[in-house]
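> Here's my sequence, what's the structure:
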Amino acid sequence: MVVGGFVRLPDRRVFATMGEFELINSYFKRPTRHAVMGGGDDCALIAPTAGQQLAISTDMLVEGRHFLPTVDPESLGHKALAVNLSDLAACGAQPVAFTLALALPHADKHWAERFSRGLYDEAQTHGCELIGGDTTLGPLTINITVFGQVPPGQALLRTAAQPGDDIYISGQVGDARMALEVFRGHLSLSGDAFARCRARMERPTPRVSLGLALRGLAHAAIDVSDGLLGDLGHILARSGHGAQIETQWLQGSGAASADLLSLPWTQRLDMALAGGDDYELLFTAPRAVREQVDAAAQGCGVPVTRIGHITQEPGLRVLDPQGQPVMRRFASFDHFAG
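As a prediction, this is how the structure comes out:
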């Protein structure tokens, strides 16, 4: 697989609307300022800052599976990079660079211009530069690999959760799933509410600054892409512990928007705890650093809410606002489910 340069594959067909390399040179090739060698060769070359470890993550977005055909190309460019940067945020890594592999059903100049605008705007926001990739003809599929850096021993890892740790969620959860349910015809919202929820679904905000601020404070972290409880389950499985989640915050707090609070209780639980596509940070930290966590969050301008704690015994318990167990199953997103 080609990484550094956008290079022709042996079985490559010519794009119908414009040539492949015309597409690349017009919309996906810019000078790099930090990479030793950017796009245009068989490999890109990057040099992490001395004393830093390289953090690498990749995410694929497939039309009809991860985004709707109706999405605005500029929003799609934003989201394609944002969801990858969210992985770096969950590791406490500083973004450095990324590659882009793109399959297109045809090369549309107007689509490419808008998609690349959203992509580059998000890249500029986080100081992350495009250093190469690949293009081909096929069903609309976007694959980005991001590279970041983090000091040794300071990465936030899923294995590091400890019994007694507080569990926090950043920002707000549930709104993106609400937008999806409107598209599916399962939920009705006012025009303004739908616009707000749709923006959360199509233009998520990676919490990079918060991830960096949590170095040395948080033990474990993960970004919420497939649902809060499902993603928490990954931390529990990797750390070998359990968790208790309280739901008082779903009656009114910074983690629940007014749009979410307008829903009946059972729908509210589903959207917030199993919705997915939030790209907020779910993290654990010792009780002793509560003030420091709050200060770090305030410094980033990102609200955080304590929603439970890590337990010694395995398993996940969800309690209602009266402290009684919620006896229902919450399913997270599964890429291979029907």
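
> Name the SS class of Thr305, please.
Following DSSP: H, G, I helix; E, B strand; the rest coil, Thr305 is assigned to strand.

> and it, how many neighbours does it have?
Look at Thr305: counted by other Cβ atoms under 10 Å, it has 18 neighbours. C-beta here means a position set from N, CA and C on the backbone, and glycine is covered the same way.

> Hmm, Gly254 and it touching each other?
Yes. Thr305 lies in contact with Gly254 (Cβ atoms under 8 Å); the separation is 5.7 Å.

> Apart from its chain neighbours, what residue comes closest to Gln149?
Among residues not flanking Gln149 along the chain, Gln52 sits closest, at 3.9 Å (Cβ to Cβ, 6 or more residues apart in numbering).

> In contact with the one you found, which residues are there?
With contacts defined as Cβ atoms under 8 Å, 6 or more residues apart in numbering, the neighbours of Gln52 are 149-152.

> Most neighbours among those residues, which one?
Highest neighbour count within those: Val150, with 21 neighbours (other Cβ under 10 Å).

> That residue reaches Pro95, doesn't it?
No. Counting by Cβ under 8 Å, Val150 stays clear of Pro95, with 10.8 Å between them.

> The closest residue to Arg30 other than its chain neighbours: neighbour count?
For Arg30, the nearest residue in space outside its immediate sequence neighbours is Leu130; the separation is 6.6 Å by Cβ to Cβ, 6+ apart. Counted with other Cβ under 10 Å, residues neighbouring Leu130 total 23.

> Beta-bridge partners for Leu130, please?
The residues paired with Leu130 through beta bridges, assigned by DSSP bridges, are Phe98.

> Report pLDDT for it.
With respect to pLDDT, Leu130 scores 94.

> wouldn't it be in contact with Val96 here?
No. The criterion here is Cβ under 8 Å, and Leu130 misses it with Val96 at 11.5 Å.

> Roughly how far does the residue nearest to Phe330 when sequence neighbours are not counted sit from Pro95?
In space, not counting the residues next to it along the chain, Phe330 is nearest to Ala274; the distance is 4.1 Å by Cβ to Cβ, 6+ apart. Here the criterion is Cβ to Cβ, to the nearest Å. By it, Ala274 lies 29 Å from Pro95.

> More neighbours: which of those two?
Comparing Ala274 with Pro95 by neighbour count (other Cβ under 10 Å), the higher total belongs to Pro95, at 24 against 20.

> so the more buried one is in which element?
When elements are defined using DSSP states H and E, Pro95 is found to belong to strand 94-104.

> chain center to that strand, what's the gap?
Relative to the mean C-alpha coordinate of its chain, strand 94-104 is positioned 14 Å out (Cα atoms, centre = their mean, to the nearest Å).

> Now it: buried residues?
Across strand 94-104, burial judged by 16 or more other Cβ atoms under 10 Å covers 94-104.

> Would you check which pair of those lies furthest apart?
Between all members of the buried residues of strand 94-104, the longest pairwise span (Cβ to Cβ) is found for Gln94 and Leu104 and amounts to 30.9 Å.
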